[in-house]
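Enquirer: Coordinates only, no sequence provided:
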């Protein structure tokens, strides 16, 4: 192990506050209000959702601040959503989602077969739009969140969390209607 230069850890304690993104957590509990849906800074890494999350489930991300810059979650959906769910930042904080996601229509072994055409659309959200929640619903062409959804949330600053990746929609339709105004909302978790 290398010895840090004299004074390097003095201002800000940066050597002792490195963000670790090598963790793994599986969310396997179905209930909407379960504490397993609350992610901590120590959970940085891959979050695999194997549960068929209950309606109104909220995946609660931690607050953004100076110590969380660089924190990253890769959230993979491996369970069928019961109905609408959310991934949210804390309401009491100023951090918002910024980024681009791709929405695509897909089928899966446990659901609807693929339509003839697989459609894709993109959804952009900016800092000025002030969004703290991403809505999910696998059977709704407005949202997405079916098995195969693969999203990354990266803490870029104390007020911006970058969201990227894809959401899958599991319906027998070639129409997608993913819009920024419906996929993202301004109210975080409290």
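Expert: Right, received. Where do you want to start? Here the structure is a predicted model, which is why all the values come from computation and not from measurement. Numbering: from 1, shown residues only.

Enquirer: Contact partners for residue 154?
Expert: Residues near residue 154 by CB atoms under 8 Å, 6 or more residues apart in numbering: 70-72, 161-162, 164. C-beta here means a position set from N, CA and C on the backbone, and glycine is covered the same way.

Enquirer: Mind giving me the PyMOL select for those residues, buried ones only?
Expert: This is the PyMOL syntax for the buried subset of the contacts of residue 154, where burial follows 16 or more other CB atoms under 10 Å:
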select buried, resi 71+72+161
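
Enquirer: which residues in the chain form helices?
Expert: Assigned by DSSP state H, the chain shows helices spanning 180-183.

Enquirer: ok, so of the contacts of residue 154, who is nearest residue 84?
Expert: residue 161 (20.9 Å; CB to CB).

Enquirer: I'd like to know how far residue 103 sits from residue 48.
Expert: To residue 48, residue 103 is 21 Å away according to CB to CB, to the nearest Å.

Enquirer: Neighbour count: these two, which is higher?
Expert: residue 103 (24 against 16; other CB atoms under 10 Å).

Enquirer: Test my guess that the more buried one contacts residue 123.
Expert: Yes. Contact criterion CB atoms under 8 Å: residue 103 and residue 123 qualify, at 6.1 Å.

Enquirer: any shared contact partners between those two?
Expert: When contacts are counted by CB under 8 Å, 6+ apart, residue 103 and residue 123 are jointly contacted by 178, 183.

Enquirer: Report the contact partners of the closest residue to residue 99 other than its chain neighbours.
Expert: Excluding the flanking residues, the one nearest residue 99 by CB to CB, 6 or more residues apart in numbering is residue 163, at 4.1 Å. Contact partners of residue 163, counting by CB under 8 Å, 6+ apart, are 97-99, 101, 125, 134, 151-153.

Enquirer: ok, now which ones touch the nearest residue to residue 126 once chain neighbours are set aside?
Expert: Using CB to CB, 6+ apart and skipping residues adjacent in sequence, the residue nearest residue 126 is residue 98, 6.0 Å away. Each residue near residue 98 by CB under 8 Å, 6+ apart is listed here: 125-127, 156, 160-163.

Enquirer: repeat that for 10 Å
Expert: By CB atoms under 10 Å, 6 or more residues apart in numbering, the contact set of residue 98 is 124-129, 131, 156-157, 159-164.

Enquirer: so where is the protein shaky, pLDDT-wise?
Expert: Filtered on pLDDT under 70, the chain yields the residue ranges 1-17, 107-118, 173-174.

Enquirer: any chance you could map the strands in it?
Expert: Using DSSP state E, the strands found in the chain span residues 23-27, 45-49, 57-60, 72-77, 85-88, 96-105, 120-125, 133-136, 150-155, 160-169, 184-185.

Enquirer: tell me how far the fifth one is from the chain's mean position?
Expert: This means strand 85-88. On the basis of CA atoms, centre = their mean, to the nearest Å, the separation between the geometric centre of strand 85-88 and that of its chain is 7 Å.
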